[in-house]
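Sharing a sequence plus its predicted fold:
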Amino acid sequence: MSDKRIKASELELKERLVHVGRVTKVTKGGRTFSFSAIVIIGDENGIVGYGLGKAKEVTAAIDKGKEDAKKNLIRVPVLKGTVPHAQEGSYSGARVLIRPATEGTGVIAGGAMRAVLESVGVKNVLAKSKGSSNPHSVVKATFDALSKMRDPYMVAQARGVDLNTVFNG
């Protein structure tokens, strides 16, 4: 994943808030409340990142999440508005399956996965979340699957063959 890092400064990124949770810390002086936020940012053209922010106020948590997301950007191959091939990803108890779909299908995905896939710029995809529905784990599992995606050009280069050979034989 470290070889796919991108600089956030020269991109026009859109943010999506996936989840805001209230976190309680119990001290001898009583309960202290704070907020955690998961934020997805992407340029809807193959670049996406996620971040986690925690703060005493919701807006501060979202801002921290945005800054963290800019540090975790990856490039995902998008071919004709969909993913190049089926891919599974997992993180902790969450498992996800992402499959390419034909034109006009739309983004068939739930909750946290939908936000990630729309931020990448995928228009047609079939996605299934299995196991844990914890938004943190689902987002990280989705990123695991997306970071494993390879387009035909990368496959041809890795094999040291012509692009036509990848498709034909």
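The structure has been received and is ready for your questions.

how about the helices in this protein?
58-70, 111-120, 135-147, 152-159, 163-168 (DSSP state H).

Nearest to residue 30 among these would be which one?
Of all those, it is helix 58-70 that lies closest to residue 30, at 20.6 Å by CB to CB. From N, CA and C alone the C-beta is placed, and that goes for glycine too.

Mind giving me the packing neighbours of that closest one?
Contacting helix 58-70 under the criterion 3 or more CB pairs under 8 Å, 6 or more residues apart in numbering; DSSP states H and E are the following elements: strand 14-27, strand 30-42, strand 47-55.

How far off centre is it?
16 Å (CA atoms, centre = their mean, to the nearest Å).

One more: stretch 36-56?
8 Å.

Quick check: mean pLDDT of that stretch?
Mean pLDDT, computed over stretch 36-56, is 95.

can you check stretch 104-118 too?
Averaging pLDDT along stretch 104-118 gives 92.

picking up where we left off before, out of the helices of the chain, which is closest to residue 97?
That would be helix 135-147 among those, by CB to CB, at 7.8 Å.

and the angle from the closest one to strand 14-27?
140 degrees (axes from the mean of the first three to the mean of the last three CA atoms, to 10 degrees).

So which bits of helix 135-147 are buried?
Neighbour counts over helix 135-147 (16 or more other CB atoms under 10 Å) mark 135, 136, 137, 138, 139, 140, 141, 142, 143, 144, 145, 146 as buried.

All good on my end, thank you.
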